[in-house]
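Asks: turn this into a structure:
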Amino acid sequence: MAIPTNLDAATAIDLGPLPAHVVQDVYDVGTATAYTVWYKYTPVASDLVLGAFASGDAVLYTPRLEVYQDAFGTAIPQALTATNRPVQFPVEVGVFDAYYFKLVALDPAATPAVLTLDVRRAPIDAARRGDLCVIDDARWFPAVILSPTTDYQVRRFVSGFGPDVLTHSPGYGFPAGEVGDILPDGTMLLADNAFDQTVYCFDKTFTAIATPALAAGGIRSNRAANNFYVASGGTVSVVSALGVITATHAITSGAALAANAAETLLYGNAAGDSSISRWSLLTDAPLAALAPPVAGIYTVDDLLVLDDDTILAAYFDNDVAPHAFFVRHYDPSGTVLRTYTLGHSSRLSGWGHIAYGLDSTTFWAWIHPPGADDACLRSVFQCLRVSDGVLVAEVTHAEYEDGGYFDPDPLTPLARFGCSISCPFFLLTQDEAPVTPLLGACPVPTPSSPSSLPSTGAAPVFP
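Replies: Numbering: from 1, shown residues only. Just a heads-up that it's a prediction; the model follows:
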């Protein structure tokens, strides 16, 4: 083949409308060189998140994808690079004229060197009651809404707010962190742990309504009282569905905490081990522990109080792999009602988490089945019946961390979009209608025709 013509940002080939799929032979026989080439894409109003996948082969030609926000080589805020691996990233419509994709030939002598570049738009479908919402743990990246019934189906992403979502312009990403929860009316309270620890309150349409002056170490909703309990340093605060701090308690709890329905007792983890502490919310005085530590090096990462005031506690083996993950069901006296064994979960993907079901008859667990060397393969979400532990539903989703596909086999991705690996999750408690793309008043995109760019060779099929 001849020397490619798209050798820099100034000569980048325009991908045109999405989805775009192009195959280019970047090797020139005359110069015996595999060249670095460039492509570009101009975002349109319906773009929220894009997925890009640059691939070659598994051994000789392994192109590195770099994404830039202008022709001057300014990296996008996410600073994405990926070698033979898909990526996903939010788009700032109206801020940048074009996004540039640089495909670096890591070995200029590699031959054959056939580049396949696939760029597509993430879905923007209405979120539904019962959908899984996963907050990203990395700054600049959006939250994602996942189907609770269909494997690898992303409904949409939620992006476009700033570190201060009430005053900043779009483009900074949705609050990213490790704690957050939702009320029955759809109100969410989330901590931006990845930026400045600020807590943000959102309504069911993901519109910011308040920023209570807290730095959250833990957040749990109280569904009976329709409010949130927030652990912040040496205090636990109560935040209303309007994002207003209504009470503050002199209680020191870890990230795992939950109050009973009458708001007279608080359960939490203050010892740094796997014990579960208990306090009076009437006097803030410590009471006898609900449960002692379990044998081994375990942490209590989540606590849920159900409608009947029984308690669910998630235990994760924080010692050597394989890491056991199980949930215990306690009555208010500390008696163990039942134990739900959830197998093993990778520590490289954070820890296992649990969340409320749509009612107190079920709860959901998030598991990261480990592969070789404890590597995580994907996210598995299970819905279990509280009364007997029967598996009611299970769904699997792909994982993307810092925007990059996380599976050890990146050339055959399970899905082109997915969720972060270590973050809070919860079930949406209200339908979202109509769809609000959140980076401007954008219409729902309809499938566009494939790119008319010339291609050679057989193009792989992506899910």
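
Asks: mind telling me what element residue 66 is part of?
Replies: In this structure, residue 66 sits in strand 64-68 according to DSSP states H and E.

Asks: where do the strands sit along the stretch 201-350 of the chain?
Replies: Using DSSP state E, counting those that start in this stretch, the strands of the stretch 201-350 of the chain run over residues 208-210, 218-222, 227-232, 235-239, 245-249, 257-259, 265-268, 276-280, 286-291, 298-305, 311-317, 324-330, 336-344.

Asks: give me the neighbour count for residue 96.
Replies: By other CB atoms under 10 Å, 17 other residues sit near residue 96. (Glycine included, C-beta is placed from N, CA and C.)

Asks: one step back: for the strand holding residue 66, give me every contacting residue.
Replies: Outside of strand 64-68, the residues that reach it under the criterion CB atoms under 8 Å, 6 or more residues apart in numbering are 9, 52-54, 74-76, 78, 80-83, 85, 87, 89, 99-104, 106.

Asks: just the ones of those residues in strands?
Replies: Among the contacts of strand 64-68, the members found in strands (DSSP state E) are 52-54, 81-83, 87, 89, 99-104.

Asks: residue with max distance from the center of the protein?
Replies: Note on the chain: the largest separation between a C-alpha and the mean C-alpha position, by CA atoms, centre = their mean, falls on residue 30 (46.6 Å).

Asks: quick one: pLDDT of that one?
Replies: Note on residue 30: pLDDT of 95.

Asks: spit out the contact partners of it.
Replies: 2, 3.

Asks: again with residue 405
Replies: Under the criterion of CB under 8 Å, 6+ apart, the contact list for residue 405 reads 82, 85, 86, 87, 398, 399, 413, 418.

Asks: can you spell out the domain ranges of the protein, please?
Replies: The chain breaks down into these structural domains: 9-121, 132-427 (assignment by automatic domain parsing).

Asks: so what's residue 98 up against?
Replies: Counting by CB under 8 Å, 6+ apart, residue 98 touches 40, 41, 42, 43, 70, 71.

Asks: and residue 3, which of the domains of the chain is closest to it?
Replies: Within these, the stretch nearest residue 3 is domain 9-121; the backing value is 4.6 Å (CB to CB).

Asks: which one of the strands of the stretch 201-350 of the chain lies closest to residue 14?
Replies: strand 208-210 (35.4 Å).

Asks: if we can go back for a sec, of the ones in strands among the contacts of strand 64-68, buried ones?
Replies: When neighbours are counted using 16 or more other CB atoms under 10 Å, the ones in strands among the contacts of strand 64-68 contain these buried positions: 52-54, 81-82, 87, 89, 99-104.

Asks: hang on, the earlier thing: what mean pLDDT does the strand holding residue 66 get?
Replies: Taken as a whole, strand 64-68 has a mean pLDDT of 95.

Asks: okay, angle between it and strand 99-104 too, please.
Replies: Inter-element angle recorded for strand 64-68 and strand 99-104: 150 degrees (by axes from the mean of the first three to the mean of the last three CA atoms, to 10 degrees).

Asks: so what pLDDT did the closest residue to residue 42 other than its chain neighbours get?
Replies: Counting by CB to CB, 6 or more residues apart in numbering, residue 42 lies nearest to residue 98, which is 4.8 Å off, once chain neighbours are set aside. At residue 98 the predicted local confidence, pLDDT, stands at 92.

Asks: count the residues that sit near residue 147.
Replies: For residue 147, the neighbour count with other CB under 10 Å is 18.

Asks: so where is this structure shaky, pLDDT-wise?
Replies: Judged against pLDDT under 70, the low-scoring parts of the chain cover residues 160-173, 346-350, 371-376, 408, 433-463.

Asks: any idea where the helices of it begin and end?
Replies: For the chain, no helices are identified by DSSP state H.

Asks: my guess is residue 194 contacts residue 135. True?
Replies: No - with contacts counted by CB atoms under 8 Å, residue 194 stays clear of residue 135, the gap being 9.7 Å.

Asks: more crowded one of these two?
Replies: Neighbours of residue 194 and residue 135, each counted by other CB under 10 Å, are more numerous for residue 135; the result is 28 against 20.

Asks: how about the more buried one, phi and psi?
Replies: As for residue 135, its main-chain torsions (degrees, to the nearest 10) stand at phi -90, psi 130.

Asks: isn't it right up against residue 182?
Replies: No - taking contacts as CB under 8 Å, residue 135 lies outside contact range of residue 182: 10.6 Å.

Asks: between these two, which contacts overlap?
Replies: Shared contacts of residue 135 and residue 182 (CB under 8 Å, 6+ apart): none.

Asks: hang on, isn't residue 351 packed against residue 315?
Replies: No - using CB under 8 Å, residue 351 is not in contact with residue 315, being 9.8 Å away.

Asks: any common contacting residues for those two?
Replies: What both residue 351 and residue 315 touch, as defined by CB under 8 Å, 6+ apart, is the set 299, 301, 325.

Asks: kindly reformat the residues you listed as a markdown table containing distance to residue 200 and neighbour count.
Replies: A markdown table is the format used below for the shared contacts of residue 351 and residue 315 (distance: CB to CB, whole Å; neighbours: other CB atoms under 10 Å):
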| residue | distance to residue 200 | neighbour count |
| --- | --- | --- |
| 299 | 26 | 17 |
| 301 | 22 | 23 |
| 325 | 29 | 26 |
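
Asks: turn the residues you listed into TSV, columns for distance to residue 3.
Replies: Supplementary listing: these in TSV, determined by distance: CB to CB, whole Å:
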residue	distance to residue 3
299	57
301	55
325	54
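
Asks: nearest to residue 115 among those residues?
Replies: Distances from residue 115 to these, taken by CB to CB, are shortest for residue 325, at 40.8 Å.

Asks: distance of the nearest residue to the closest one once chain neighbours are set aside relative to residue 400?
Replies: In space, and not counting its chain neighbours, residue 325 is closest to residue 352: 3.9 Å by CB to CB, 6+ apart. Summarising the geometry, the distance separating residue 352 from residue 400, computed by CB to CB, to the nearest Å, is 19 Å.

Asks: what about residue 351 and residue 315, which has more around it?
Replies: For residue 351 versus residue 315, the count of surrounding residues by other CB under 10 Å is larger for residue 315: 25 against 21.

Asks: so how far is residue 241 from the more buried one?
Replies: Relative to residue 241, residue 315 is positioned 31 Å away (CB to CB).

Asks: what does residue 300 give?
Replies: For residue 300, the distance to residue 241 under the criterion CB to CB works out to 27 Å.

Asks: give me the neighbour count for residue 239.
Replies: By the measure other CB under 10 Å, the count of residues near residue 239 is 24.

Asks: for residue 215, same thing?
Replies: Burial of residue 215, expressed as a neighbour count using other CB under 10 Å, amounts to 14.

Asks: bridging residues for it?
Replies: Note on residue 215: beta-bridge partners residue 198, judged by DSSP bridges.

Asks: surely it touches residue 192?
Replies: No - in this structure, residue 215 is not within contact of residue 192 by CB under 8 Å, at 9.7 Å.

Asks: can you list residues touching both of those two?
Replies: Overlap between the neighbourhoods of residue 215 and residue 192 consists of 198, 199, taking contacts as CB under 8 Å, 6+ apart.
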